[in-house]
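Asks: Any chance you can model this:
(2 chains)
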Amino acid sequence: MRRGGGGAAAVARVRGDCCCCRRPRGGAAAPPPPARAMGDAFRRAESGTQLLARLEGRSSLKNLEPYLFAEEGFPVHGDVIEFHGPEGTGKTEMLYHLIARCILPKSGGGLEVEVMFIDTDYHFDMLRLVTILEHRLAQSTEEMIKQCLEKLFLVNCNSSTQLLLTLYSLENMFCTHPSLCLLVVDSISAFYWIDRSNGGESFSLQEINLKKCAEFLEKLVREYHLALFATTQTIMQKSTNSAESSFSLKLQHETDTDYRPYLCKAWQQMVTHRMFFSEQSNPGNSKAFSVISCHIKEKHVVKRSFSIAECGVQF
Amino acid sequence: MALLRAGLCPGLTAEMVPLLRASGLRTVVDFVSSDLEEVAQKCSLSYKALVAVRRVLLAQFSAFPANGADLYEELKSSTAILSTGIASLDKLLDSGLYTGEVTELMGVPGSGKTQVCLSIAASVSLCLKQHVLFLDSTGGFTASRLYQMLQAQPEDEEEQLEALQRVQVVRVFDVYEMLRALQELRDSLSQQVLSSTGPLKVVLIDSVSAVIYPLLGGKQSEGLALMMQLARELKMLAREFSLAVVVTNQVTRDSSAGPLKPALGRSWSFVPSTRVLLESKETTWEKANMQRIASLAKSPRQPTGLQVELDIGNSDVQELSPATPTQGL
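Replies: Coordinates of the predicted model:
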């Protein structure tokens, strides 16, 4: 489904909004020749506007949260960021913080991009998000809150099969909404035990759904230039057998976390940044949390502390 | 995983199914994730027909995204905050139990979890005139104690008896009975049968650890899968029908000197959105022998660590009976 007028309006909107493209704007109204994108778009028939939307329309997520990312300062399109931590350490709060940054209007300090939130364990608290938005907007009227919330899309999934089928049907939505550049899955480990029990004895049967989801997510992220944030829960104790862990020992020693990878290899290999959340025991009464952000390829590690107030996460 | 069969969706004809099965596509997921051009060539079926079937199957089996603004409007009209009947606990929970969420009460045996559940049942059935479902897995529910709490309220006797009728008690002693009771609840709510269930607002489960404990332990994961299925069912009920679900749980410690943490392990700890720890401490004041303290261990709205003192039971009742009948586990 298309919002607004026909294709021309979509093109005009995309050209006007996008601030990151450094290509000189010649003012020409004709879309660029599709020859450039022949490589990966060959098999699918795309209209000119869809192509344009895909190439130009994903505005950058620069300044999303400079505290969280070790270098560069912003998530690049194609990044897969995993939030890992035990219960009560602020993962969902951090997601609300990022979503608020995305959907707030530019005048309110936001990026004005759309967010797709896939909720697998009915954890999403809309009232909490609205409280955070109200605190961040200078004058928060119902109208403004509604306008912000219109940029958020929510889906609830009941099983890993439904998650997979939902991802297939969401592909269409990414095509038609060029400003949809953030995909959040909370949490991707929610079906772990149920899948394990359904798969019986064979590991590959147990993991097959999550493997397919991970592969399709990778395809979506790559083709539509999204950034994916996913939370995983710490449900296993730290493995005493270090050979079992595929996480590099040096990194684990540096980060000193209770991390034991349990999801399938396909997911573990597509993660580009992994953030470990934990509670910090502070002298004094204030509750603080810390997040250790690791860039997997470059092996950068950065540690930050934050606290959670009524207005959300504060660094 | 749904198998492909004729008539599963309009367009999936009886001729197509064996052709698809011959090329290895047995389930909906297989069909949707396959390359339709290849399938059209291999099975000599029309590409357009396959695309149409794929679209219908996706529409039927996948979840539909909702817009945030619409959801907010719906939540504003359907969310309610229910008073627990204990003023200090209401303050701790930011004015009461929120519908659409799972709240957990944890404490050692005898710390008052069943009492708080009975107080919630009394307050919701009498003051708010809503129906309550009480799933009792420990045998700790006694109607006479509930009636005693109702009698402490200023309403007249007829209304108190009506309130008793609004509390439905089901005794479940293992997880399958509990799942069946929840399924029956779901069926009756979906059909909107008004006669017996009425406008149900609260589901109280005392206690969830009693039915889950026998399943856990050892190396099998079926117990954990059942626990997560129960958790999912509770959260779906709370969200879809705007109920407040309250569960009670035991506590354990990591080591003999560590802090108290909820039982049932790490996977369960993610399930409730609010968690209250109930403790009873001995005091030397002349007012009471036992002081009940409730502290907030997890909340989406309030800072954790808040503590209040609970007044359950006989402090409201006119006659003085120094020994509170203990209804611990």
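Asks: Disregarding residues adjacent in the polypeptide, which is nearest to the residue nearest to the spatial centre of chain B?
Replies: When CA atoms, centre = their mean is applied to chain B, the residue found nearest the centroid is residue B:234 (3.4 Å). Distances taken as CB to CB, 6 or more residues apart in numbering or on different chains place residue B:245 nearest to residue B:234, at 5.2 Å, with adjacent residues excluded. From N, CA and C alone the C-beta is placed, and that goes for glycine too.
Asks: Could you report the pLDDT at the one you found?
Replies: Note for residue B:245: predicted pLDDT of 95.
Asks: mind showing which ranges of the chain have poor pLDDT?
Replies: In the absence of a named chain, this looks at chain A. Applying pLDDT under 70 to chain A picks out residues A:1-63, A:66-75, A:237-258, A:282-287.
Asks: Switch to chain B, please.
Replies: For chain B (pLDDT under 70), the answer is B:1, B:193-198, B:283-289, B:312-329.
Asks: so where do the helices sit in it?
Replies: Applying DSSP state H to chain B gives helices spanning B:16-22, B:28-33, B:36-43, B:47-61, B:68-78, B:87-92, B:113-126, B:143-151, B:157-165, B:175-190, B:208-212, B:222-241, B:265-269.
Asks: how about the ones you listed, which one is nearest residue A:208?
Replies: Residue A:208 sits nearest to helix B:28-33 of all those, at 9.3 Å, using CB to CB.
Asks: Is there proximity between that closest one and chain A?
Replies: Yes: using CB under 8 Å from any CB of the partner chain, helix B:28-33 comes into contact with chain A via B:28-29, B:32-33.
Asks: Can you get me a residue count around residue B:123?
Replies: Residues near residue B:123, counting by other CB atoms under 10 Å in any protein chain shown, number 25.
Asks: Spatially nearest residue to it (excluding sequence neighbours)?
Replies: Excluding the flanking residues, the one nearest residue B:123 by CB to CB, 6+ apart is residue B:85, at 3.0 Å.
Asks: Run a quick neighbour tally on that neighbour.
Replies: As a burial measure, residue B:85 scores 24 neighbours (other CB under 10 Å).
Asks: Next up, the contacts around residue 180.
Replies: Here I'm looking at chain A. A:113-116, A:153, A:173-174, A:224, A:226 (CB atoms under 8 Å, 6 or more residues apart in numbering or on different chains).
Asks: Residue B:182 is in contact with the residue nearest to the centre of chain B, correct?
Replies: Yes: Residue B:234 lies in contact with residue B:182 (CB atoms under 8 Å); the separation is 7.3 Å.
Asks: and the lengthiest helix in chain A, anywhere near chain B?
Replies: Criterion DSSP H: the longest helix present in chain A is helix A:203-224. Yes: counting by CB under 8 Å from any CB, chain B has neighbours in helix A:203-224: A:212, A:216.
Asks: Tell me which helix or strand comes right after that helix.
Replies: Per DSSP states H and E, helix A:203-224 leads on to strand A:227-233 as the next helix or strand towards the C-terminus.
Asks: got a list of what residue A:214 touches?
Replies: Counted by CB under 8 Å, 6+ apart, residue A:214 has contacts A:264, A:266-267, A:270.
Asks: Looking at these, spot the one nearest residue B:77.
Replies: Using CB to CB, residue A:267 is the member of the contacts of residue A:214 that lies nearest residue B:77, at 38.4 Å.
Asks: Surely that closest one is in a helix?
Replies: Yes: judged by DSSP: H, G, I helix; E, B strand; the rest coil, residue A:267 forms part of a helix.
Asks: quick revisit: would you list the contacts of residue A:214 in a markdown table and tack on distance to chain B?
Replies: Compiled in a markdown table, these are given as follows (distance: CB to the nearest CB, whole Å):
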| residue | distance to chain B |
| --- | --- |
| A:264 | 15 |
| A:266 | 14 |
| A:267 | 17 |
| A:270 | 17 |
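Asks: Pipe those residues into a markdown table and attach neighbour count per row.
Replies: Below are those laid out as a markdown table (neighbours: other CB atoms under 10 Å in any protein chain shown):
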| residue | neighbour count |
| --- | --- |
| A:264 | 22 |
| A:266 | 17 |
| A:267 | 24 |
| A:270 | 18 |
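Asks: Give me the three-state assignment for residue A:158.
Replies: coil.
Asks: Which residues are in contact with it?
Replies: By CB under 8 Å, 6+ apart, the residues touching residue A:158 are B:63, B:232, B:236.
Asks: Around the closest residue to chain A within the stretch 201-329 of chain B, count how many other residues there are.
Replies: Nearest residue of the stretch 201-329 of chain B to chain A: residue B:225, at 3.3 Å (CB to the nearest CB). Neighbours of residue B:225 under the rule other CB under 10 Å: 20.
Asks: pretty sure it is touching residue A:194, no?
Replies: Yes: counting by CB under 8 Å, residue A:194 is a contact partner of residue B:225 at 4.9 Å.
Asks: Around chain A, pick out the residues from the stretch 51-200 of chain B.
Replies: Counting by CB under 8 Å from any CB, the residues of the stretch 51-200 of chain B close to chain A are B:57-59, B:61-69, B:71-72, B:75, B:79.
Asks: how about the helices in chain A?
Replies: Ranges of helices within chain A are A:7-17, A:38-41, A:48-56, A:91-103, A:126-136, A:142-149, A:160-176, A:192-198, A:203-224, A:249-255, A:265-270, based on DSSP H.
Asks: mind listing what's buried in the strand ranked longest in chain A?
Replies: Secondary structure of chain A read by DSSP state E shows that its longest strand is strand A:300-309. Across strand A:300-309, burial judged by 16 or more other CB atoms under 10 Å in any protein chain shown covers A:306, A:308.
Asks: got it, and stretch B:162-173?
Replies: B:163-164, B:166-168, B:170, B:172.
Asks: Stretch B:251-260 too?
Replies: Residues of stretch B:251-260 classed as buried by neighbour count (16+ other CB under 10 Å): B:251, B:260.
Asks: ends of that stretch, how far apart?
Replies: Start-to-end span of stretch B:251-260 (CA to CA, to the nearest Å) is 6 Å.
Asks: Same check on stretch B:119-139?
Replies: Taking CA to CA, the first and last residues of stretch B:119-139 lie 17 Å apart.
Asks: about what we covered before: who's in contact with the residue nearest to residue B:123?
Replies: Contacts of residue B:85 (CB under 8 Å, 6+ apart): B:119-120, B:122-124, B:127, B:149.
Asks: Closest one of those residues to residue B:46?
Replies: Nearest to residue B:46 among these is residue B:124, at 58.2 Å by CB to CB.
Asks: who's in contact with the closest one?
Replies: Counting by CB under 8 Å, 6+ apart, residue B:124 touches B:82-83, B:85, B:130, B:132, B:201-202.
Asks: Most neighbours out of the residues you listed, which is it?
Replies: residue B:132 (27 neighbours).
Asks: pretty sure that one contacts residue B:201?
Replies: Yes: if you go by CB under 8 Å, residue B:132 and residue B:201 touch, sitting 7.3 Å apart.
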